[in-house]
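In: Need coordinates for the below:
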Amino acid sequence: MYYIGGKANSDFDFDGLVADLLASFPASTVITDDYYADRLERNLTLARDNGWPLDSPSIECLKRVGTEHGLQRHISVAVSPSLTFDSRIDKLGVFMISGDNFNESDAAPLLDVLRRYPLAIETE
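Out: Prediction:
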């Protein structure tokens with residue numbers, strides 16, 4: 001597994017980054033335009049369907065974190081046919097993770113795009 005994180009250093013045009021990623025890696029796809037809103041709705045539906053409280057600690061935590069991050073894009077960045085990153089991008093930065101079985105240098109084109117933005121990038 002390979003991780004790329006990037007904390008935003010200043011005002012960060014995360015939608016610009018999403019557009020650049022989609023243009024640079026055309027096989028990439030948008031999973032959801034609003035990750036936290038979609039996740040919250042799924043959790044509320046699950047709670048309603050099962051008679052669980054709508055103000056449970058997990059739902060309240062999700063609301064709090066969603067408010068902190070704001071609008072978050074969830075995309076699959078296909079760097080190559082064998083390397084895809086599950087990625088979440090918002091005003092605070094980026095979180096990207098891939099599967100196994102690739103050479104670390106294969107991520108270089110993705111890192112090149114990320115370095116165009118005011119992000120403190122770390123990899124692991």
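In: would you put the C-alpha positions of stretch 75-82 in CSV?
Out: This file holds the C-alpha atoms of stretch 75-82, laid out as CSV (Å, rounded to 0.1, in the frame of the first residue of the first chain):
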residue,chain,number,x,y,z
ILE,A,75,-12.1,10.5,-6.8
SER,A,76,-10.3,7.5,-8.1
VAL,A,77,-7.0,8.7,-9.7
ALA,A,78,-5.9,6.2,-12.3
VAL,A,79,-2.2,7.0,-12.8
SER,A,80,-1.7,3.9,-15.0
PRO,A,81,-3.7,0.7,-15.7
SER,A,82,-1.9,-0.9,-12.8
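In: Show the average pLDDT along that stretch.
Out: Mean pLDDT, computed over stretch 75-82, is 94.
In: Show me the strands in this structure, by range?
Out: 2-8, 29-32, 73-80, 83-90, 93-98, 119-123 (DSSP state E).
In: which secondary structure elements does the last one contact?
Out: Judged by 3 or more CB pairs under 8 Å, 6 or more residues apart in numbering; DSSP states H and E, strand 119-123 is in contact with strand 2-8, strand 93-98, helix 108-114. C-beta here means a position set from N, CA and C on the backbone, and glycine is covered the same way.
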